[in-house]
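Enquirer: Fold the stuff below for me.
(4 chains)
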Number of protein chains: 2
Amino acid sequence: MPGAIRARSQIRGRQTSGRAGGSLSPVETEFVSFFVGAARALKLPKSLGEIYGLLFASGGPRGFDEIVTTLRISRGSASQGLRVLRGFGAVRTTYVAGDRRDHYVAETELRKLVTGLLEETIAPQLAAGTERLDRLEGALRAEPVARRRASAHAILQGRLEKLRAWERITRETLPMLGRLLGA
Amino acid sequence: MPGAIRARSQIRGRQTSGRAGGSLSPVETEFVSFFVGAARALKLPKSLGEIYGLLFASGGPRGFDEIVTTLRISRGSASQGLRVLRGFGAVRTTYVAGDRRDHYVAETELRKLVTGLLEETIAPQLAAGTERLDRLEGALRAEPVARRRASAHAILQGRLEKLRAWERITRETLPMLGRLLGA
DNA sequence: CATTTCGTTCATTTTGAATTGAACGAAACC
DNA sequence: GGTTTCGTTCAATTCAAAATGAACGAAATG
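Expert: Sure thing, here's the model as predicted:
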């Protein structure tokens, strides 16, 4: 941990809530820990939890460098983590006058977080699923009549229909989730 | 692949939909592939998708051994995978007269699957989260007044309240999800 | 225009989870 | 009661995803 860089960051770094990117207070640590747990629960990378936790606890904007040094994660992790978080709207960049570096703040509206996450992770998978269902239907019809045992074929047909029903329900239900959380 | 065992299984094994635990038809393969994809999407082990896919496509009950040989997975995987699937109600054991071995069928009601999964995975995490919130509150109150900077303390306090609100909403909303899917 | 500062990218390393398979206990079988 | 057949368990292995950090390009700076 090169002291030179640290010193520099303390001179130039914005003193968000009065402290430079040095270390976490016990309470802040507890916040980060909470979100690390949440990340685990959602099977997201731990770094996402750390970063979001820090920003959540900060209130104000934090610079890229602050994130790296206070969480002691690599620049690579921070960069990639922030990209994902921005990707589903959990984090926004903020303009800070007189500092050309990027600054980030946490989005704290639950509805936005959830819908963003769903949109980003479930939705594409759902689309891929639909595609697979089409392939499945194709395979079912392409099955040579010779190899068809009437009963087996009927079962498979029924299962396919069930999958289609699942898909429909899911597609209808997901948006409602967003509305529920909006309350 | 020991022929001896295979032969035996064909003699003794129940001929579900007319076929022993040999190999998957193209259509069945497509079903399994679908559920493997779904497992990936939900970040569950691939083996869960394989097993459930096979049972889903089969309609009728399948023996432990059939699962192992047709999917070509280890007994360990099959055993553990089936336990998890049973754990959240995606799979049930069925009695098959004249065969002492275990037989399994897939639960195909979407509502049960989803609620089972939620119950098993989210619920405990939610509980853990609540516990962490209490710790967090403790840490916040324990913070020595000397180290408190009024503004920072206020922010953290506000954030904690926000987390509590999130928790409440989540706790209220999850059960509704089950009801929505019941339609 | 040369130099410094930022943040990203990507090949490598690390870490954690899933899978395997040998060893085992329990139940059925003769 | 000895033997075989099941399915589980768990230590070792394999595999995939996440983290690292050096190299890089782009933008600001002077």
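Enquirer: So for the residue nearest to A:T170 when sequence neighbours are not counted, what's the pLDDT?
Expert: Excluding the flanking residues, the one nearest A:T170 by CB to CB, 6 or more residues apart in numbering or on different chains is A:L126, at 6.5 Å. Backbone N, C-alpha and C define where each C-beta goes, glycine included. Looking at A:L126, its pLDDT reads 95.
Enquirer: Could you see whether DNA strand D lies near the host helix or strand of A:L126?
Expert: Here A:L126 sits within helix A:123-142, counting by DSSP states H and E. No: contact of helix A:123-142 with DNA strand D is not found when judged by CB under 7 Å from any atom of the strand; the minimum separation is 12.8 Å.
Enquirer: neighbouring contacts of that helix?
Expert: A:153, A:156-157, A:160, A:163-164, A:167, A:170-171, A:174, B:26-27, B:30-31, B:33-34, B:37-38, B:40-41 (CB atoms under 8 Å, 6 or more residues apart in numbering or on different chains).
Enquirer: since we're on the residue nearest to A:T170, how many residues are nearby?
Expert: For A:L126, the count of nearby residues is 17 (other CB atoms under 10 Å in any protein chain shown).
Enquirer: distance of it from A:E28?
Expert: 37 Å (CB to CB, to the nearest Å).
Enquirer: hey, where'd the strands end up in chain A?
Expert: Remark: strands assigned in chain A by DSSP state E are A:62-63, A:91-94, A:103-106.
Enquirer: roughly how far apart are the residue of chain A positioned farthest from its centre and B:S25?
Expert: Distance from the centre of chain A peaks at A:A146, with 48.6 Å (CA atoms, centre = their mean). Counting by CB to CB, the separation of A:A146 from B:S25 is 12 Å.
Enquirer: Equivalent analysis for A:A142, please.
Expert: Applying CB to CB, the value for A:A142 to B:S25 is 11 Å.
Enquirer: Then A:E119?
Expert: To B:S25, A:E119 is 36 Å away according to CB to CB.
Enquirer: Have a look at the two and say which one is more surrounded.
Expert: Per other CB under 10 Å, whichever of A:E119 and B:S25 has more neighbours is B:S25, with 18 against 15.
Enquirer: show me what contacts that one?
Expert: Going by CB under 8 Å, 6+ apart, B:S25 touches A:E143, A:R147.
Enquirer: Using PDB, write out every CA atom in stretch A:107-115.
Expert: This file holds the C-alpha atoms of stretch A:107-115, laid out as PDB (Å, rounded to 0.1, in the frame of the first residue of the first chain):
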ATOM      1  CA  GLU A 107     -29.700   4.300  -5.700                       C
ATOM      2  CA  THR A 108     -31.800   3.500  -2.700                       C
ATOM      3  CA  GLU A 109     -35.300   3.000  -4.000                       C
ATOM      4  CA  LEU A 110     -36.100  -0.700  -3.500                       C
ATOM      5  CA  ARG A 111     -38.400  -0.900  -6.500                       C
ATOM      6  CA  LYS A 112     -35.700   0.400  -8.800                       C
ATOM      7  CA  LEU A 113     -33.200  -2.000  -7.400                       C
ATOM      8  CA  VAL A 114     -35.400  -5.000  -7.800                       C
ATOM      9  CA  THR A 115     -36.800  -4.200 -11.200                       C
END
